[in-house]
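A.B. asks: what's the 3D shape of this:
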Amino acid sequence: MAFFTSIASSLSNLGSAMHKSVNGLLGYEGLEVINPEGGTEDAEEEARKGRWRQEDRDSHWKMMQKYIGSDVTSMVTLPVLIFEPMSMLQKMAELMEYSHLLDLADECEDPYMRLVYASSFFISTYYALQRTWKPFNPVLGETYEMANHGGVTFIAEQVSHHPPMSAGHAENDHFVYDITSKVKTKFLGNSLDVYPLGRTRVTLKKDGVVLDLVPPPTKVNNLIFGRTWVDSPGEMILTNMTTGDKVVLYFQPCGWFGAGRYEVDGYIYNAAEEPKILMTGKWNESMSYQPCDAGRRTPARH
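C.D. replies: Residues are numbered from 1 along each chain as shown. All right, here's what the predicted structure looks like:
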């Protein structure tokens, strides 16, 4: 999950490079750029920003044309100016920021509230997508370690160069977080689809509960024109492999003028697939839960 989130953030910056490479080549007549934050003001001006020299733009666009419809995870060379001074392995470690939610899940006696806290942790990782500068790609065998950050120790290693794959492990007194990661991408010209293929599992130490995550796909928008932004429409499924309980949350797709962006809703089900708790909220703000047999709503912050 962490690597997938980092990859999505990285690939969103492909838009910055391509935008500088090809804007003007296709012209701006009749072009409409949708701003997911809720407006179209200065959209044409955004599309015009940062043009390269004509020869650089043409050569870059000719290079990118052959990748349409392809997986571009590790075959595209990007200019250094769009990078931030950190590696993708370090970006993975950033996602431990809200690990206290896993501590609460481990301490919780109620099996359904345990899933409320755990799913809120996995939702919180999407907040990292809002900072869209690209981290540097790790070399094969590169590692990154974060020691005793709020009691959490994290280590990650780049275990494959092509296709790029990372393995990560985090642990404290309450949980063990393990990830083997791989993504598949599809370049569509002005957008990029990202499909997670790896596995993320958390073991809660108190009761030995094992949680397995299936994240939704991600779509990177406005790769050529306009402000690049990331959306993750689809289902996130978190399953308690020990009891059979599960969380099914739906990430709403972003509509016109930003309608529905960030919104998440769904249910926590028992092993018999009976809904027990309703969860609603926004992945960039907060989540709330409400027992299905009561009218009370309590915030579950992430």
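A.B. asks: Tell me how many other residues surround the residue nearest to D193 when sequence neighbours are not counted.
C.D. replies: The spatial neighbour of D193 that comes closest, neighbours along the chain excluded (C-beta to C-beta, 6 or more residues apart in numbering), is K186 at 4.4 Å. Any C-beta I mention is one placed from the backbone N, CA and C, and that applies to glycine too. K186 is flanked by 17 other residues according to other C-beta atoms under 10 Å.
A.B. asks: partners of the helix or strand hosting K186 in the sheet?
C.D. replies: Element membership of K186 [criterion: DSSP states H and E] is strand 183-187. When pairs are called by DSSP bridges, strand 183-187 turns out to pair with strand 191-196 (antiparallel).
A.B. asks: How about the partner strand, which residues are buried there?
C.D. replies: Neighbour counts over strand 191-196 (16 or more other C-beta atoms under 10 Å) mark 191-192, 194, 196 as buried.
A.B. asks: I'd like to know which of these is nearest to E157.
C.D. replies: P196 (18.7 Å; C-beta to C-beta).
A.B. asks: so how far is D231 from the closest one?
C.D. replies: P196 sits 15 Å away from D231, going by C-beta to C-beta, to the nearest Å.
A.B. asks: again, but for E97
C.D. replies: Note on E97: its distance to D231, by C-beta to C-beta, is 22 Å.
A.B. asks: buried residues in stretch 227-245?
C.D. replies: Neighbour counts over stretch 227-245 (16+ other C-beta under 10 Å) mark 227-232, 234, 236-240, 245 as buried.
A.B. asks: Does L213 touch M241 like I think?
C.D. replies: No. In this structure, L213 is not within contact of M241 by C-beta atoms under 8 Å, at 10.7 Å.
A.B. asks: Indicate each strand paired with the strand or helix carrying T153 and its parallel or antiparallel sense.
C.D. replies: Using DSSP H and E, T153 sits in strand 152-160. Strand pairing for strand 152-160, using DSSP bridges, gives strand 143-149 (antiparallel), strand 165-171 (antiparallel).
A.B. asks: can I get these in JSON lines with mean pLDDT and distance to K205?
C.D. replies: Listed next are these as JSON lines, based on pLDDT from 0 to 100; distance: least, C-beta to C-beta, whole Å:
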{"stretch": "strand 143-149", "mean pLDDT": "93", "distance to K205": "17"}
{"stretch": "strand 165-171", "mean pLDDT": "94", "distance to K205": "9"}
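A.B. asks: Of those strands, which is nearest K134?
C.D. replies: strand 165-171 (15.4 Å).
A.B. asks: Mind giving me the packing neighbours of the helix or strand just after the closest one?
C.D. replies: The helix or strand immediately downstream of strand 165-171 is strand 175-181, counting by DSSP H and E. Judged by 3 or more C-beta pairs under 8 Å, 6 or more residues apart in numbering; DSSP states H and E, strand 175-181 is in contact with helix 2-12, helix 100-107, strand 165-171, strand 199-204.
A.B. asks: How many residues are close by K246?
C.D. replies: 21.
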